[in-house]
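*Asks:* Let's see this in three dimensions:
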Amino acid sequence: MSGPRTTYGNQADSGGALRAFFRSWSRGFTNDVAADRVEDHLITGMQLARTVLGLVAAVWLVAAYPLSGGGEKFVLGKLLELAFSCGILAVGSFAGITAFLVASTPDRRRHFAQRLHGPILAVLTLAAGPLCIWLSVATLKGDLIDGRDLEEFFASFTGPGVLCAVLAFLTLAIGWLAAVAVLLGSSVYTLLATYLCVFTCFLARNVHQLLPALLSPLLVWSLFAFQLFNGPDVAAPPEVLYTFMLGGPLSVTALSVWEVRRLRNRHGITLRVALGR
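*Replies:* Got it, this is the predicted structure:
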């Protein structure tokens, strides 16, 4: 049985470089053998509407009430929240995919195993960003190589003197500029890759279309607990603050339940069928 190649998630036209990066990133790891994936425009539209409403509510909350800890603390908190989300989804995706493999029949298990290259490559691609950052910082600090090592290296060709010192200085200057460029680029790349890993649940949809709907509530309720522990970002009244904090988890959970029901009722996609039971 064959069907059109489809995508999953809130892949709306956002325009510009971010859209191109997202499409190339996601398309590059999509497994073409996943022909049983269906496209439901209503599900995509509902996910997009919830995302837009969530962003609008977040912007309104920040604009309407003062930040509780200043701008720097707010930005650092959001970066920490993104890293926490990435970690939660990495563990959740690994557990969900493992559960699918263990609970499925042998034929389905082999079928799912053929789709693992997307999530694995997503993890490796994400890890490349922090690795480049570490190498750049180590280069800037002189932990990888310093001026004396370079002078000794060039002295073996030119002999000791001014020339080897000049060559060592030029090499260090060029390496420092290159390290700064790599540091800036890899920092932006890491932020985008982390966001996309969270956005696509580490491409868990490549294994099965139900997985993102099952993993999303885990993420939002974990973030809710994290926000309770970390404290509010804005000095808003408790009724406004907790309404906003609960709105995200409740809406995502309701949308996930609705999505699972729609996939079952409209397309015959159920967990039992997915596992071959």
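
*Asks:* All the helices of the stretch 101-250 of the chain, residue numbers only.
*Replies:* 106-113, 117-141, 147-158, 162-199, 210-230, 238-267 (DSSP state H, counting those that start in this stretch).

*Asks:* helices and strands around the longest one, which ones?
*Replies:* Based on contacts counted as 3 or more C-beta pairs under 8 Å, 6 or more residues apart in numbering; DSSP states H and E, the elements that helix 162-199 packs against are helix 16-28, helix 70-103, helix 117-141, helix 147-158. Backbone N, C-alpha and C define where each C-beta goes, glycine included.

*Asks:* which one of those helices lies closest to I269?
*Replies:* I269 lies closest, by C-beta to C-beta, to one member of the helices and strands packed on helix 162-199: helix 70-103, at 13.5 Å.

*Asks:* Any buried residues in the closest one, and which?
*Replies:* 77, 84-86, 88-90, 92-93, 96-97, 100-101 (16 or more other C-beta atoms under 10 Å).

*Asks:* Then stretch 229-248?
*Replies:* The neighbour-count check on stretch 229-248 (16+ other C-beta under 10 Å) flags P232, D233, V234, A236, L241, F244, M245, G248 as buried.

*Asks:* Other residues contacting it?
*Replies:* 54, 57-58, 61-62, 64-69, 74, 77, 80-81, 220, 223-224, 227-228 (C-beta atoms under 8 Å, 6 or more residues apart in numbering).

*Asks:* Give me the buried entries from these.
*Replies:* Applying 16+ other C-beta under 10 Å to the contacts of stretch 229-248 flags G54, L61, Y65, L67, G77, V220, L223, Q227 as buried.

*Asks:* Tabulate the residues you listed (CSV), appending distance to A178.
*Replies:* Below are the buried ones among the contacts of stretch 229-248 laid out as CSV (distance: C-beta to C-beta, whole Å):
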residue, distance to A178
G54, 39
L61, 41
Y65, 44
L67, 37
G77, 32
V220, 40
L223, 37
Q227, 39
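
*Asks:* Which one of the residues you listed is nearest to T139?
*Replies:* Nearest member of the buried ones among the contacts of stretch 229-248 to T139, counting by C-beta to C-beta, is G77, at 29.4 Å.

*Asks:* backbone phi and psi for the nearest residue to that closest one once chain neighbours are set aside, please?
*Replies:* Excluding its sequence neighbours, the residue lying closest to G77 (C-beta to C-beta, 6 or more residues apart in numbering) is D233, at 6.2 Å. Note on D233: backbone dihedrals following degrees, to the nearest 10 are phi -80, psi -30.

*Asks:* Over to the one 4 residues further on?
*Replies:* P237 has phi and psi values of phi -60, psi 150 when expressed as degrees, to the nearest 10.

*Asks:* Tell me the confidence at it?
*Replies:* Per-residue pLDDT puts P237 at 84.

*Asks:* The one 5 residues further on too?
*Replies:* On pLDDT, Y242 comes in at 84.

*Asks:* can you check Y65 too?
*Replies:* Value for Y65, per-residue pLDDT: 78.

*Asks:* wait, what's in contact with it?
*Replies:* So Y65 contacts V234, A235, A236, V240 (C-beta under 8 Å, 6+ apart).

*Asks:* The same query, at a cut-off of 6 Å, please.
*Replies:* V234, A235, A236 (C-beta atoms under 6 Å, 6 or more residues apart in numbering).
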